[in-house]
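Undergrad: need a structure here:
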Amino acid sequence: MKEYSFLNGNYIPALIAYEYRGYVISAWARPESTNSSTSVGIVYERGQFGSIIQVHRIEGECFEIKEQAEQHGLQLCKEWIDQQKTELTVVLAERIRPSR
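TA: Next up is the predicted model:
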């Protein structure tokens, strides 16, 4: 079995994507050293004709455990989406409120 590391230019890690509130999100742990990784989250929207478009990238904290960094990246994506949905709800509510 071949050993892979982030220093090996021939290895491309697979990203798992999830659906969350109409968006597609993924996260990964960007290696910073041999014992730490930064959480990175990416938010995508589905475009026309099945395309997927990146709409936001979030860099978070540094973690010693890769899986913790990945989970934190997903959480950052969810929080960003929730914030967007909250802001949209406020804007829509203001638009439909009758003027006095």
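Undergrad: When you work out contacts or count neighbours from here on, use the C-alpha atoms and nothing else.
TA: Will do.
Undergrad: low pLDDT regions in this protein?
TA: Filtered on pLDDT under 70, the chain yields the residue ranges 1-13, 88, 90-93, 97-100.
Undergrad: can you give me the strands in it?
TA: Applying DSSP state E to the chain gives strands spanning 17-20, 23-33, 36-46, 52-63.
Undergrad: residue contacts, the residue nearest to residue 58 when sequence neighbours are not counted?
TA: Take residue 58 and drop its neighbours on the chain: the residue closest to it by CA to CA, 6 or more residues apart in numbering is residue 41, 5.0 Å away. Residue 41 is in contact with 25-28, 57-60, 70, 73-74, 76-77, counting by CA atoms under 8 Å, 6 or more residues apart in numbering.
Undergrad: Taking those together, which two end up most distant?
TA: Maximum pairwise distance in the contacts of residue 41, criterion CA to CA, is 14.8 Å, between 25 and 60.
Undergrad: right, so the strands of the chain: which one is the most enclosed?
TA: strand 36-46 (a mean of 21; mean count of other CA atoms under 10 Å).
Undergrad: Within its sheet, name the partner strands of that one and how each one runs.
TA: Paired neighbours of strand 36-46 in the sheet (DSSP bridges): strand 23-33 (antiparallel), strand 52-63 (antiparallel).
Undergrad: Rebuild those strands as JSON lines, extending it with distance to residue 17.
TA: Output for these, formatted as JSON lines (distance: least, CA to CA, whole Å):
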{"stretch": "strand 23-33", "distance to residue 17": "5"}
{"stretch": "strand 52-63", "distance to residue 17": "11"}
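Undergrad: now for these, which one comes closest to residue 89?
TA: Closest among those, using CA to CA: strand 23-33, at 16.5 Å.
Undergrad: give me the number of residues near residue 86?
TA: 12 (other CA atoms under 10 Å).
Undergrad: swap that for residue 79, please
TA: 12.
Undergrad: cool, residue 51 as well?
TA: Around residue 51 there are 9 residues (other CA under 10 Å).
Undergrad: Torsion angles phi and psi at it?
TA: Phi and psi for residue 51, reported as degrees, to the nearest 10, are phi -70, psi 160.
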